[in-house]
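J.: The following block contains a protein sequence and its predicted model.
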Amino acid sequence: MLRYVFRRLLTAIPTLFLIITISFFLMHIAPGGPFNMERGIPPEIKANIERVFHLDEPVWMQYFRYLGNLAHGDLGPSYILINFSVAELFAQSLPVSIRIGSWAMLLSLVVGSAMGVLAALRHNKFIDFFIVTLATGGSTLPTFVTAPLIQLIFGLTLKWIWIGGWHDGELAAAIGPIVTLALPQLATVARLMRGSMIEALNAHHIRTARAMGLSDFSVVVKHAMRGALLPIVSYAGPAAAGLVTGSIIVETIFQIPGVGRAFIDGALNRDYTLVMGTVILIAVFTILFNFLSDLLYALVDPRVRYD
Amino acid sequence: MTDAVAIKGRSLWIDAWNRLKANRAAIISAVYLCFIVLLTIIGPNLTGHEFTTQYPSYVRVPPSLEPYPKAEKLDQEIKEIITRAHLTLKEWKQEGGRFLVSVTSSKPIDDRVTRYLDRSDSFKDGKVESKSSDGLEMTMSASVQHLYFFFGTDISGRDLLTRTLMAGRVSLLVGLLAGMVAVTIGVLYGSVSGFLGGKTDELMMRIVDILYALPFTFFVIMLVVFFGRNFMLMFLAIGAVLWLDMARIVRGQTLSLKRQEYMQAAEAMGVNSWGILMRHIIPNMLGPIIIYVTLLVPQVIILESFLSYLGLGVQEPMSSWGVQISQGSRNMEGASYLLIIPALFLTSTLFALNFIGDGLRDALDPKDR
């Protein structure tokens, strides 16, 4: 097990390295730079600014300088928000994204599995049909459609929620983005859970459990659900990482100062270091969550062994 | 044994078609999709509006089956026109389909003031009916120009119906073309990798694994932002992002097909690799490929709309459903139809494509049920 953990972490390094390299060169071979857009800077001043940030050096030198700094854990200063380092910007935006993301994850896992189990227990009845329809809708509707619709219905018409801003995580402000972010995941979890639960309920060991006179609750929760949770576990890893990516749209629409917003602002302003930082952050999250989900898989299903 | 009746075989495709016909959701979706496609192709020419024409008098008017201008708005409209022409309105009345407007002024009136009537979106062919001898009083006539805005107009006063259909044309076209790019790359890459096998396969699949690890939404955004908002580039970016799944599916299929006897027979008969690939492997994979395409097109449409929503996709005056939803959501206060109408078009199309995809999967791959 320990060897497996070690090996997984070791293979993550070349992947990360590659992501950093591709993003770095992609950004630097593109025309324009962070200081090209401001009009009216005298050339000498611009040259000075570029020298301070080492932008006058050849790209490969900048690349190695960046890698060197990164090895010391330094993501560099933001080029646009001059007084902030990228790490400081993340210290502000990451907690916001994580808070929304983890609530959305929790919501979609709990509600999604509950809906899936319910649909499976009432297989081919009305409630099953209803849940399947909802789930199809939830996974088909893109976020940029559901978000404004939620704003329109619950914000502008019913006035239950606020349609923009973060307000330090006030419930009325946070509920919109959380629900929007959770909906597609919730739908997928419900579909997966329904499918695997239907299969699990038809399995021999469930029939045995019923024959032995176990209560319905015990059969469903202790015996059927345990096996049925496996696809959810392997889905949850990439999904958790995807929540951070999916937050680009949600954070833009609901004006939430999270990582997704920071990335968009950084990209639009050619804030090289901020964009690089975000890409690295997302990559680390993806690798980490995939890894955790694989580990969890082994815990849920003892048949899975890593050597 | 000799008089055995020749049994007409049922091919895979006839079987699949029969199964598909039984799937009502898929058939309704297919009909609906054809309807939408036809509508976006010929619709914009039938609405009577250009998708770029702006009607300053009708900015953000709500959807209506009755023609504009509304009768109760005419009074205000005429007053505004006369004020714009620096004249004083004496009276106006309706007479046999034409409007008679009497005006006075402190200075002699030029005949060309009728242009103020023509220039407004509510009236056409303005004429001078009579003029007093000192030129201080005049009666003009004009007929009402009836315009229909079934879906209302957008914030620039353009017909939303025409624009929604034009936008649909763009969205569907992008979906289809970029989908094709992705499928072509994926099929070629996957089949070559699976067919050649060995070290080459290993290497090619490692590359796919690595590409999988890249945060692609971010990459597409970076590509589009840093290399300019170019339509072609968007195709390539989207196509380049979405071919990975296709490549994996095709590789797996190729590996299993390669073990079949007829494949060995072809090899034994001296057909070269390219021939086997084109004649046996790719045609045998058409089922999974078709399924994947129908599931890919909605993904592409969503990705394009996502980029357009962020302002990185299709640029004005062209539009796509993503652009429209983005504009609609910015103006939904007081004009919710601007958001709801394109959203309905987009989601119904996505639903239809998904149902067709599911139907095809059930029809072509009965094992997978």
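T.: Now that the structure is in, tell me what you want to look at. Note that this is a predicted model, so its numbers are computed, not measured. Numbering: from 1, shown residues only, chains lettered A, B, ... in the order given.
J.: could you pull out the helices for chain B?
T.: B:12-22, B:24-46, B:71-84, B:114-119, B:160-196, B:198-213, B:216-226, B:231-258, B:261-268, B:273-276, B:282-284, B:286-309, B:321-330, B:337-364 (DSSP state H).
J.: Enumerate the residues of the stretch 151-300 of chain A near chain B.
T.: A:151-152, A:156, A:245, A:248-249, A:252-253, A:263-264, A:267-268, A:270, A:275, A:278-279, A:282-283, A:286-287 (Cβ under 8 Å from any Cβ of the partner chain). For every residue, glycine as well, the C-beta is placed using N, CA and C.
J.: so of the helices of chain B, which one's packed in deepest?
T.: Of all the helices of chain B, helix B:321-330 has the most neighbours on average by mean count of other Cβ atoms under 10 Å in any protein chain shown, namely a mean of 25.
J.: packing partners for it?
T.: Packing partners of helix B:321-330 (3 or more Cβ pairs under 8 Å, 6 or more residues apart in numbering or on different chains; DSSP states H and E): helix A:143-150, helix B:160-196, helix B:286-309, helix B:337-364.
J.: I'd like to know how far residue A:78 sits from chain B.
T.: 17 Å (Cβ to the nearest Cβ, to the nearest Å).
J.: I'd like to know how many residues surround that residue.
T.: 23 (other Cβ atoms under 10 Å in any protein chain shown).
J.: these two touch, right, it and residue A:270?
T.: No - here residue A:78 lies out of contact with residue A:270, judged by Cβ atoms under 8 Å, at a distance of 11.4 Å.
J.: Please name the residues that touch the residue nearest to residue A:253 when sequence neighbours are not counted.
T.: Distances taken as Cβ to Cβ, 6 or more residues apart in numbering or on different chains place residue A:147 nearest to residue A:253, at 4.3 Å, with adjacent residues excluded. By Cβ atoms under 8 Å, 6 or more residues apart in numbering or on different chains, the contact set of residue A:147 is A:176, A:177, A:180, A:249, A:250, A:253, A:254, B:329.
J.: biggest separation within the residues you listed, which pair?
T.: Pairwise distances across those (Cβ to Cβ) peak at 14.2 Å, for the pair A:177 and B:329.
J.: Kindly export stretch A:278-295 (C-alpha atoms) in CSV.
T.: Extracted C-alpha coordinates of stretch A:278-295, given in CSV (Å, rounded to 0.1, in the frame of the first residue of the first chain):
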residue,chain,number,x,y,z
THR,A,278,-4.0,28.7,-11.5
VAL,A,279,-3.2,26.0,-14.0
ILE,A,280,-0.7,24.4,-11.5
LEU,A,281,-3.3,24.6,-8.7
ILE,A,282,-5.9,22.9,-10.8
ALA,A,283,-3.5,20.2,-11.9
VAL,A,284,-2.5,19.5,-8.4
PHE,A,285,-6.1,19.3,-7.3
THR,A,286,-7.0,16.9,-10.2
ILE,A,287,-4.1,14.6,-9.4
LEU,A,288,-4.7,14.7,-5.7
PHE,A,289,-8.4,14.0,-6.0
ASN,A,290,-8.0,11.1,-8.4
PHE,A,291,-5.4,9.6,-6.1
LEU,A,292,-7.7,10.0,-3.1
SER,A,293,-10.6,8.4,-4.9
ASP,A,294,-8.4,5.4,-5.9
LEU,A,295,-7.4,5.0,-2.2
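J.: for that stretch, what is the average pLDDT?
T.: Averaged over stretch A:278-295, pLDDT sits at 81.
J.: Likewise for stretch B:25-34?
T.: Rounded mean pLDDT across stretch B:25-34 is 86.
J.: re the thing from before, what's the closest of the helices of chain B to residue A:214?
T.: helix B:337-364 (35.5 Å).
J.: and the angle for the closest one with helix B:321-330?
T.: Computed with axes from the mean of the first three to the mean of the last three Cα atoms, to 10 degrees, the direction of helix B:337-364 lies at 140 degrees from that of helix B:321-330.
J.: Could you list every helix and strand in contact with helix B:337-364?
T.: Against helix B:337-364 (3+ Cβ pairs under 8 Å, 6+ apart) you get helix A:126-140, helix A:143-150, helix B:12-22, helix B:24-46, helix B:160-196, helix B:286-309, helix B:321-330.
J.: so which of those comes closest to residue B:263?
T.: helix B:160-196 (9.8 Å).
J.: is any part of the helix ranked longest in chain A close to chain B?
T.: In chain A, taking DSSP H as the definition, the longest helix is helix A:86-121. No - using Cβ under 8 Å from any Cβ, helix A:86-121 stays clear of chain B, with a minimum separation of 14.0 Å.
J.: What average pLDDT does that helix get?
T.: Rounded mean pLDDT across helix A:86-121 is 86.
J.: list the buried ones in that helix?
T.: A:86, A:89-90, A:93-94, A:96-101, A:103-105, A:107-109, A:112-113, A:115-121 (16 or more other Cβ atoms under 10 Å in any protein chain shown).
J.: Off-centre distance for that helix?
T.: Relative to its parent chain, helix A:86-121 has a centroid offset of 8 Å by Cα atoms, centre = their mean, to the nearest Å.
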